[in-house]
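[1] Provide a 3D model corresponding to the input given below.
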Amino acid sequence: MSFNPAPTALSNEPTEPVPPSVVASGTGLPSAPKEYAEAQQAATAPGTGGVVEQPGAEGDKITFKDQVNGYAKKFAGAVFRNEGEKEFGEKKLQGEA
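    Prediction:
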């Protein structure tokens, strides 16, 4: 049985640095899968990037401003018991007004 003491600063023997793979064990988790997708390019000037397509048709959707206005009209009609204003708000939310 031989005993090798840990090298110290007083030791004259040259020491090799220990690679991290020996010191630290792995996590045991598999590596992330490699996905081979199309290369992406950054746009560095206006108009040089790719066109981003939005799902759904733009004609079906009402604008955010009209949505807010429709909810406000509907709420105000309900609070002040004004059926005409409430109906107008509902129509605006459906995109009819």
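
[2] now the longest helix along the chain: buried residues?
    The single longest helix within the chain, with elements called by DSSP state H, is helix 64-79. Using 16 or more other Cβ atoms under 10 Å as the test for burial, helix 64-79 gives 69-70, 73-74, 77. Every residue, glycine included, has its C-beta placed from N, CA and C.

[3] now stretch 45-64: average pLDDT?
    Across stretch 45-64, the average pLDDT comes to 68.

[4] quick check: the gap between Glu83 and Gly77.
    7 Å (Cβ to Cβ, to the nearest Å).

[5] swap in Asp60?
    Distance from Asp60 to Gly77, by Cβ to Cβ: 25 Å.

[6] also Glu87?
    Applying Cβ to Cβ to Glu87 and Gly77 gives a distance of 7 Å.

[7] pretty sure Lys74 is touching Gly84, no?
    No. Lys74 lies out of contact with Gly84 (Cβ atoms under 8 Å); the separation is 11.6 Å.

[8] what is the neighbour count of Gly89?
    22 (other Cβ atoms under 10 Å).

[9] does it belong to a helix or a strand, and which?
    Gly89 is located in helix 83-94, with elements delineated by DSSP states H and E.

[10] packing partners for that helix?
    helix 64-79 (3 or more Cβ pairs under 8 Å, 6 or more residues apart in numbering; DSSP states H and E).

[11] between the helix it packs on and helix 83-94, what angle do the directions make?
    150 degrees (axes from the mean of the first three to the mean of the last three Cα atoms, to 10 degrees).

[12] elements contacting helix 64-79?
    Using 3+ Cβ pairs under 8 Å, 6+ apart: helix 64-79 touches helix 83-94.

[13] so for the helix it packs on, what's the average pLDDT?
    On average, the pLDDT along helix 83-94 is 94.
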